[in-house]
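**Student:** got a structure for you, letters missing:
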């Protein structure tokens, strides 16, 4: 399956980049996750997830956790947990309707990035669920395209502190302040710790 659609091809022709685009697709785009990709993905503590609903309306969300929260299960499949959020389920709702997803992994300190496109699924009885502290479900993605992305415009940033909300075994995460506000408190789901 080619990475490029008709509109991409039209722009490549307009800007005389088709030869370059073809060479990049030939040389760096793969369907599989190699050992270097695996090491990079599993060392990340965040990524961006792009989804679209059944009508093509997009969403992009930030997903964060401890390094290793995204697991490479084999050369074609990754998995990551979905933790408690704001209850809107925009990304997971989208991928349930349209399984095509794009993930962008970035190392801001080392100025490196990797794209992974694929088809996502959710299994509420996924055996990995027990391995992720406080996960609501596990998302699995079968890769269709994996490739590094030019790092030129990545700003060099340093991690100051990881979020204290990331679930960890033996630790009760704090309650987000917004869940205690009047507008939210009476509509929280049953069992939400903010109800206490």
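**Tutor:** Yep, it's here. Note that the structure is predicted; figures quoted are calculated from it, not measured.

**Student:** who are the neighbours in contact with the residue nearest the centre of the chain?
**Tutor:** Computing the C-alpha centroid of the chain and ranking residues by CA atoms, centre = their mean puts residue 49 first, at 3.7 Å. Under the criterion of CB atoms under 8 Å, 6 or more residues apart in numbering, the neighbours of residue 49 are 60-63, 91, 101-103. C-beta coordinates here come from the backbone N, C-alpha and C atoms, glycine included.

**Student:** Show me those that map onto helices.
**Tutor:** Among the contacts of residue 49, the members found in helices (DSSP state H) are residue 91.

**Student:** Format the contacts of residue 49 as JSON lines; extra columns: pLDDT, neighbour count and distance to residue 158.
**Tutor:** Converted to JSON lines, these look like this (pLDDT from 0 to 100; neighbours: other CB atoms under 10 Å; distance: CB to CB, whole Å):
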{"residue": "60", "pLDDT": "97", "neighbour count": "13", "distance to residue 158": "23"}
{"residue": "61", "pLDDT": "97", "neighbour count": "15", "distance to residue 158": "23"}
{"residue": "62", "pLDDT": "97", "neighbour count": "8", "distance to residue 158": "18"}
{"residue": "63", "pLDDT": "97", "neighbour count": "20", "distance to residue 158": "20"}
{"residue": "91", "pLDDT": "96", "neighbour count": "20", "distance to residue 158": "27"}
{"residue": "101", "pLDDT": "98", "neighbour count": "20", "distance to residue 158": "29"}
{"residue": "102", "pLDDT": "98", "neighbour count": "17", "distance to residue 158": "26"}
{"residue": "103", "pLDDT": "98", "neighbour count": "23", "distance to residue 158": "23"}
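
**Student:** The residue nearest to the centre of the chain: which element?
**Tutor:** Taking DSSP states H and E as the definition, residue 49 sits inside strand 46-52.

**Student:** which phi and psi does the closest residue to residue 4 other than its chain neighbours have?
**Tutor:** Leaving aside its sequence neighbours, residue 4 sits nearest to residue 21 (CB to CB, 6 or more residues apart in numbering; 6.5 Å). Dihedral pair for residue 21: phi -60, psi -40, per degrees, to the nearest 10.

**Student:** Nice, that's everything, thank you.
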